[in-house]
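[1] need a structure here:
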Amino acid sequence: MIVTVTLNAAVDKTYYVSGFAAGAVQRVRRQIAEPGGKGNNVAKIVRLLGGEAVATGFAAGGAGAFIEERLAARGIRTGFVRIPGESRTCLNIVDEASGASTELLEEGPTVGDAELAEIKEAVGRLGAQASVVVLSGSLPAGAPAELYADLIGTARSAGARVYLDASGEALALGIQAKPDLIKPNEEELVRLSGRRRLEADHWAEAAVKLHGQGIRQVCATLGRQGAVACMDGTLYRVIAPSVSAVSAVGCGDAFVAGMAYADELGLPAEDRLRMAAAAGAAAAMTDRAGELDPAVYESLLDRVEVLPL
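    Model prediction:
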């Protein structure tokens with residue numbers, strides 16, 4: 001099974017309006033509420049691909065209960081650490097007239113030493129049953145920047161392979177713990193390279209440099225440009241199929257889910273990358289993070305190009 005860890009879980013709400021304007025009364029034409037947070041998105045995609053997922057992390061209050069209930073309704077087992085306060089809500093207001101969106105992101109509850117000890121115990125316990133543990137997203141208030149590095153050690157000691165999809169200092173410190181896979185986007189790849197910008201012909205070089213720091217699999221997702229990956233010393237360029245994209249939100253999470261599930265199935269590197277890219281492309285064709293049509297995903301698999309460099 002695949003365990004996902006979402007330390008700053010959220011309820012993702014989307015309001016659809018027509019002609020949004022600040023300071024005016026708006027009529028919501030329709031709305032969506034779903035469990036959010038990058039790890040939860042990964043769990044949802046793994047389940048849609050046919051895999052078994054267990055979601056853990058921090059959950060608080062009524063919003064936390066909503067997250068757990070909605071994940072369970074999808075067939076995802078949950079093992080969240082309950083903490084005081086209220087899990088955050090992330091509100092996205094979509095103006096259907098212009099296509100513009102406005103996001104309002106709450107901070108979420110603060111964690112302390114007791115909560116940190118509990119999540120380490122949960123990751124160790126669940127990691128002992130897992131093939132892959134996926135650590136994704138931002139850290140909650142009160143968490144030290146090295147928390148992901150600590151959890152990588154915990155999950156690896158339990159016998160699981162560990163994927164990290166984070167940003168900023170949490171990613172940089174996490175890399176020092178040598179997870180089995182990282183998935184930086186273009187912005188994160190530039191930051192990790194130590195440069196102000198990277199031209200396309202330097203993407204592979206940056207991935208190889210990260211691989212040289214002890215990361216077995218470096219998969220840099222580059223939006224419409226596909227991905228560049230260094231998998232156990234072999235470089236690949238991944239060209240995703242052209243699709244009618246609706247939203248790019250959550251596509252990286254779908255990529256990670258595809259990689260993790262393919263890893264659990266024991267597939268070779270090229271097939272893992274093919275599944276990941278097809279999942280990311282299929283996710284782009286929906287308006288919700290953590291969603292894809294399995295039939296569309298299947299139709300895209302043969303259209304993904306994985307080219308050894």
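[2] what sits against residue 122?
    56, 79, 81 (C-beta atoms under 8 Å, 6 or more residues apart in numbering). Using the backbone N, CA and C atoms, a C-beta is placed for each residue, glycine as well.
[3] can I assume residue 289 sits in a helix?
    No: under DSSP: H, G, I helix; E, B strand; the rest coil, residue 289 sits outside any helix and is assigned coil.
[4] residue contacts, it?
    Contacts of residue 289 by C-beta under 8 Å, 6+ apart are 12, 34, 36, 41, 247, 249-250, 253, 283.
[5] Which stretches in the stretch 101-250 of the chain count as helices?
    113-127, 147-157, 168-176, 186-193, 203-211 (DSSP state H, counting those that start in this stretch).
[6] Serialize the contacts of residue 289 to CSV and add fields for distance to residue 63.
    Formatted as CSV, the contacts of residue 289 follow (distance: C-beta to C-beta, whole Å):
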residue, distance to residue 63
12, 11
34, 12
36, 10
41, 16
247, 23
249, 19
250, 19
253, 20
283, 24
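[7] Out of the residues you listed, grab the one that's most surrounded.
    The most crowded member of those, judged by other C-beta atoms under 10 Å, is residue 283 (34 neighbours).
[8] what sits against that residue?
    45, 250-251, 253-254, 289-292.
[9] Mind listing what's buried along the helix or strand containing it?
    Element membership for residue 283 (DSSP states H and E) is helix 269-284. Neighbour counts over helix 269-284 (16 or more other C-beta atoms under 10 Å) mark 269-270, 272-284 as buried.
[10] same deal with stretch 45-56?
    Result for stretch 45-56 [16+ other C-beta under 10 Å]: buried residues 45-49, 51-56.
[11] for stretch 233-240, same thing?
    Going by 16+ other C-beta under 10 Å, stretch 233-240 has these buried residues: 235-238, 240.
[12] so for it, what's the average pLDDT?
    Stretch 233-240 shows a mean pLDDT of 95 in the predicted model.
[13] centre of the chain versus it, how much separation?
    Distance, stretch centre to chain centre, for stretch 233-240: 20 Å (C-alpha atoms, centre = their mean, to the nearest Å).
[14] repeat for stretch 151-165
    16 Å.
[15] Outside of it itself, list whatever touches it.
    3, 5, 38, 42, 119-120, 123-125, 127-128, 130-137, 148, 171, 174-175, 177-183, 252-253, 256, 259-260, 263.
[16] Quick check: buried residues in it?
    151-156, 158, 160-165.
[17] re the thing from before, export the contacts of residue 122 as TSV, with columns for distance to residue 300 and secondary structure.
    Formatted as TSV, the contacts of residue 122 follow (distance: C-beta to C-beta, whole Å; DSSP: H, G, I helix; E, B strand; the rest coil):
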residue	distance to residue 300	secondary structure
56	30	strand
79	32	coil
81	36	strand
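[18] Let me know the closest of these to residue 219.
    Nearest to residue 219 among these, counting by C-beta to C-beta, is residue 56 at 23.0 Å.
[19] where does the closest one land on pLDDT?
    We have a pLDDT of 99 for residue 56.
[20] count of neighbours near the nearest residue to it once chain neighbours are set aside?
    In space, and not counting its chain neighbours, residue 56 is closest to residue 79: 4.4 Å by C-beta to C-beta, 6 or more residues apart in numbering. By other C-beta under 10 Å, the residues close to residue 79 number 16.
[21] Identify the residues contacting residue 79.
    54-56, 122, 125-126.
[22] Ok, residue 307 next?
    236-239.
[23] Who is it paired with across the strands?
    Going by DSSP bridges, residue 307 is paired in beta bridges with residue 237.
[24] and the closest residue to residue 210 other than its chain neighbours, bridged to which residues?
    Among residues not flanking residue 210 along the chain, residue 218 sits closest, at 4.6 Å (C-beta to C-beta, 6+ apart). The partner list for residue 218 in beta bridges (DSSP bridges) reads residue 182, residue 230.
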